[in-house]
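Novice: After the sequence you'll find the predicted model.
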Amino acid sequence: MTAEHEFEDILYEIRGAAAVITMNRPQRYNAFRAQTVYELITAFRIAWADRAVQSVILTGAGEKAFCTGGDVKQRAETGDYGPSPSGMFEIGNLHKVIRDIPKPVIAAVNGLAIGGGHVLHVLCDLTIASSTARFGQSGPKVGSFDAGFGSAYLARVVGEKRAREIWYLCRQYDAATAERWGLVNLVVEPEDLLSTAEEWAAEIAEKSPTALKFLKQSFNADTDHQAGLSNLAMSGLNLFTESPEGKEGAAAFAEKRMPRFNDHVSEH
């Protein structure tokens, strides 16, 4: 990795035939800001271009969190997710690069996978979870939503009833429940998480890269239309977060109180 690819919010390393990308903001439960998203996209593109890399492992730093989604504290402080080299908050492009990279992506979920962090693991091809991991959505609790891949594709993974429960109730589910629902492939003890992900990556490395590329693109073809829903959802979310109701969610989170959404809803 050259100097131009030195990162602030993530770590990037090669282990065998796998690129390991680690979200590295443990002080914020690996929540992402605009800079984090930009760096993740860059890292995935580096892995895409590296012919020696045959799979990607995505994980989080520390023992508490894989990723807890967008940095709501940042949003409450500045009204956005902070600056980035592109000048944009490119979460939609991150979703697309995880799907489009022609190599299997393994999520190694080491702790909380909540909100936008939950969406990231759902979009990965495979998920291995620590027994201490917890899963769930939080958008409606903090004045946010993902009406694109985060909901439509989730329903393909766990079914309509489960997906609606996850979004409407915003509960957290343990790793055993996630495995039972088909939300994760395997649950292991925390100390075995990365080594198991690397074992799976080593098995993938024994397979034909071209065959795997075609298979991934074939799996994706059935849901690629959801990218259009994702674009529409992101545009709607940008408008919603500027509304009094959307701002109330971020403010309540920062102030550690229950939000009063109904005080800010003009019509239903």
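Specialist: That came through, no problem.
Novice: how near is the residue lying closest to residue 263 once chain neighbours are set aside to residue 119?
Specialist: Of all residues not flanking residue 263 in the chain, residue 248 sits nearest, at 7.3 Å (Cβ to Cβ, 6 or more residues apart in numbering). In short, each C-beta sits where N, CA and C put it, glycine included. Distance of residue 248 to residue 119, computed by Cβ to Cβ, to the nearest Å: 22 Å.
Novice: okay, these two: which has more neighbours?
Specialist: Looking at residue 248 and residue 119 with other Cβ atoms under 10 Å, you find the greater number of neighbours at residue 119, namely 25 against 19.
Novice: was I right about the residue nearest to residue 263 contacting residue 141?
Specialist: No: using Cβ atoms under 8 Å, residue 248 makes no contact with residue 141, being 11.3 Å away.
Novice: Now do the shared contacts for these two.
Specialist: In terms of Cβ atoms under 8 Å, 6 or more residues apart in numbering, residue 248 and residue 141 are both contacted by the residues residue 259.
Novice: So residue 81, which state does it fall into?
Specialist: coil (DSSP: H, G, I helix; E, B strand; the rest coil).
Novice: Model confidence at it, what's the number?
Specialist: Looking at residue 81, its pLDDT is 87.
Novice: Tell me how far the residue nearest to residue 25 when sequence neighbours are not counted lies from residue 24.
Specialist: Nearest residue to residue 25, sequence neighbours excluded (Cβ to Cβ, 6+ apart): residue 9, at 5.7 Å. Residue 9 sits 6 Å away from residue 24, taking Cβ to Cβ as the criterion.
Novice: same deal with residue 168?
Specialist: Using Cβ to Cβ, residue 168 is found at 32 Å from residue 24.
Novice: In terms of secondary structure, what does the lowest-mean-pLDDT helix or strand in the chain contact?
Specialist: Counting by mean pLDDT, DSSP states H and E, the weakest-scoring helix or strand in the chain turns out to be helix 72-78, with a mean of 81. Other elements packing on helix 72-78 under the criterion 3 or more Cβ pairs under 8 Å, 6 or more residues apart in numbering; DSSP states H and E are helix 244-255.
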